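K.L.:
below: sequence and its predicted model.
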Amino acid sequence: MNNEQFELEKKYQASILCFKQMLENGKITQEEYQQIDTILLKKYRPLLGSLCSDIRLT
């Protein structure tokens, strides 16, 4: 993983963490979370984050 990929991974992980907390607190639905995750995956194209993106929290 080069430095640029690492930075994109950090940005994805930081972003998705906020939305995971919102999902767990009932602020957004599972469907909304999945839509957000799809958008963030397209935006950041993380190497590691994409491996875990299909894990359901509920």
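P.N.:
Yep, it's here. Numbering: from 1, shown residues only.
K.L.:
how about low-confidence regions in the chain?
P.N.:
Applying pLDDT under 70 to the chain flags the ranges 49-58.
K.L.:
quick check: closest non-adjacent residue to the most centrally placed residue in the chain.
P.N.:
By Cα atoms, centre = their mean, the mean C-alpha position of the chain lies nearest to Ile16, the distance being 3.5 Å. Nearest residue to Ile16, sequence neighbours excluded (Cβ to Cβ, 6 or more residues apart in numbering): Leu40, at 5.8 Å. Using the backbone N, CA and C atoms, a C-beta is placed for each residue, glycine as well.
K.L.:
helices or strands up against the helix or strand hosting the one you found?
P.N.:
Taking DSSP states H and E as the criterion, Leu40 maps to helix 30-44. Judged by 3 or more Cβ pairs under 8 Å, 6 or more residues apart in numbering; DSSP states H and E, the packing partners of helix 30-44 are helix 3-24, helix 49-52.
K.L.:
in that helix, what counts as buried?
P.N.:
Neighbour counts using 16 or more other Cβ atoms under 10 Å place 33, 36-37, 40, 44 of helix 30-44 among the buried residues.
K.L.:
now do that helix against helix 3-24, angle only.
P.N.:
Per axes from the mean of the first three to the mean of the last three Cα atoms, to 10 degrees, the angle that helix 30-44 makes with helix 3-24 is 170 degrees.
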